[in-house]
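Student: fold the stuff below for me.
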Amino acid sequence: MTDVYRATDSFPKREVYSLTDQVRRAAVSVPGNIEEGQAHFSKAEFSHFLRHSAGSLAELETQLLIAHRLEYTGHDQTKAA
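Tutor: Here you go, the predicted model:
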């Protein structure tokens, strides 16, 4: 997650309230949903939160691909994030 924050630091300032914010929110959502799911007492609820986490991860991957295509990140930076 910290790699995502470092990668988005180099995004253009015009992206602060759009792509930068979306990427960071998706990145934080992944571990956040896992932790929230662990706090619940049933396996079904935990599975529910894991599915949300997987969705956030897919969203993050798409956003990083967009950032790469816009040349906001390099190939290695995109892979590391």
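Student: rest of the way, CA atoms for contacts and neighbours
Tutor: Noted.
Student: okay, and the helix or strand of the protein with the least pLDDT?
Tutor: helix 75-80 (a mean of 66; mean pLDDT, DSSP states H and E).
Student: pLDDT weak spots in the protein?
Tutor: With pLDDT under 70 as the threshold, the chain has low-confidence stretches at 77-81.
Student: element containing residue 17, please.
Tutor: Assigned by DSSP states H and E, residue 17 belongs to neither a helix nor a strand.
Student: any idea how far it lies from residue 37?
Tutor: When Cα to Cα, to the nearest Å is applied, the distance between residue 17 and residue 37 equals 28 Å.
Student: which one's more surrounded, these two?
Tutor: Residue environment comparison for residue 17 versus residue 37 gives the larger neighbour count to residue 37, 22 against 9, counting by other Cα atoms under 10 Å.
Student: next one: that one from residue 13, what distance?
Tutor: Counting by Cα to Cα, the gap from residue 37 to residue 13 is 34 Å.
Student: swap in residue 5?
Tutor: Here residue 5 is placed at a distance of 14 Å from residue 13 (Cα to Cα).
Student: higher neighbour count, these two?
Tutor: A direct count of neighbours by other Cα under 10 Å for residue 5 and residue 13 places residue 5 higher, at 16 against 11.
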